[in-house]
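Q: sequence unknown, structure follows:
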């Protein structure tokens, strides 16, 4: 079946074994992928999802949110650089390839890239792309380079994520920093059932010193089977 690496008719025990082997081969620790077999809870896309027509006016919406190309000039984002590697899998452990994955978040100055937000000089980071997109490969993985999310009034640090694929349709959710003290005060985080929260928890780890990053995270984006 297009978009799946594993056969739906394979017994579950073999699915699980192949899933573990695939996870190891991808360089994703099995605990990170197996932390939740529940799908990402549906959450609001919020008021700052940049509409496609507006995005099409810009040249640079790739998977690297930390650099912006404008008129031959390359600008670099403020904040702590984060390498986010995600694996798109379903609740049966099957890898989903060719899934469209979009992320968006505010910059280090707590401003979004959105037509409703005034981009006044000095009040936003021109080196931060704000939105990025990628497609999962044959191994189900996508990689983004962004910044560690920051809080803004009323919200804990988070990254919005949207996934699309013919097998499950569309899924909108948010990723949170595991253990951040602001989570318990966040009204959207509190609405998520406690048993579903592991699906949203990004485990940030210090990145290797030669990577050009401050943080790295590996996370399974679990979608309905």
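A: Yes, it's here. Predicted, not measured: the structure shown is a model, and the values here were computed from it.
Q: so how far is stretch 67-74 from its chain's centroid?
A: On the basis of C-alpha atoms, centre = their mean, to the nearest Å, stretch 67-74 is displaced by 23 Å from the centre of the chain it belongs to.
Q: let me redo that: stretch 195-202
A: How far stretch 195-202 lies from its chain's middle: 13 Å, per C-alpha atoms, centre = their mean.
Q: do the same with stretch 198-218
A: On C-alpha atoms, centre = their mean, the centre of stretch 198-218 falls 12 Å from that of its chain.
Q: now swap in stretch 206-220 and tell me
A: With C-alpha atoms, centre = their mean as the basis, the mean position of stretch 206-220 lies at 14 Å from the chain mean.
Q: could you give the average pLDDT over it?
A: Stretch 206-220 shows a mean pLDDT of 97.
Q: quick one: end-to-end length of it, please.
A: 19 Å (C-alpha to C-alpha, to the nearest Å).
Q: show me where pLDDT drops low in the protein?
A: 1-36 (pLDDT under 70).
Q: tell me the contacts of residue 121?
A: Not one residue lies near residue 121 by C-beta atoms under 8 Å, 6 or more residues apart in numbering. For every residue, glycine as well, the C-beta is placed using N, CA and C.
Q: what separation do you get for it and residue 210?
A: 35 Å (C-beta to C-beta, to the nearest Å).
Q: residue 105 against residue 160, yeah?
A: Yes. Contact criterion C-beta atoms under 8 Å: residue 105 and residue 160 qualify, at 6.3 Å.
Q: the two: who's more crowded?
A: Comparing residue 105 with residue 160 by neighbour count (other C-beta atoms under 10 Å), the higher total belongs to residue 105, at 26 against 22.
Q: residue contacts, the more buried one?
A: 65, 112, 130, 146, 147, 149, 158, 159, 160.
Q: do residue 219 as well
A: 32, 84, 85, 86, 87, 175, 202, 203.
Q: ok, back up a step: from the contacts of residue 105, which land in strands?
A: Among those, the members falling in strands (DSSP state E) are 146, 147, 158, 159, 160.
Q: residue boundaries of the helices in the protein?
A: For the chain, the helices defined by DSSP state H occupy 12-25, 30-34, 52-55, 187-191.
Q: quick one on the thing from earlier: closest one to residue 182 out of the contacts of residue 105, please.
A: residue 158 (9.3 Å; C-beta to C-beta).
Q: count the neighbours of the closest residue to residue 106 other than its chain neighbours for me.
A: Of all residues not flanking residue 106 in the chain, residue 112 sits nearest, at 5.0 Å (C-beta to C-beta, 6 or more residues apart in numbering). As a burial measure, residue 112 scores 21 neighbours (other C-beta under 10 Å).
Q: test my guess that residue 223 contacts residue 92.
A: No. Using C-beta under 8 Å, residue 223 makes no contact with residue 92, being 10.4 Å away.
Q: neighbour count for those two, which is higher?
A: The residue with more neighbours, out of residue 223 and residue 92, is residue 223; 22 against 17, by other C-beta under 10 Å.
Q: for the closest residue to that one other than its chain neighbours, what are its contacts?
A: Among residues not flanking residue 223 along the chain, residue 168 sits closest, at 4.7 Å (C-beta to C-beta, 6+ apart). Contacts for residue 168 (C-beta under 8 Å, 6+ apart) come out as 90, 96, 223, 224.
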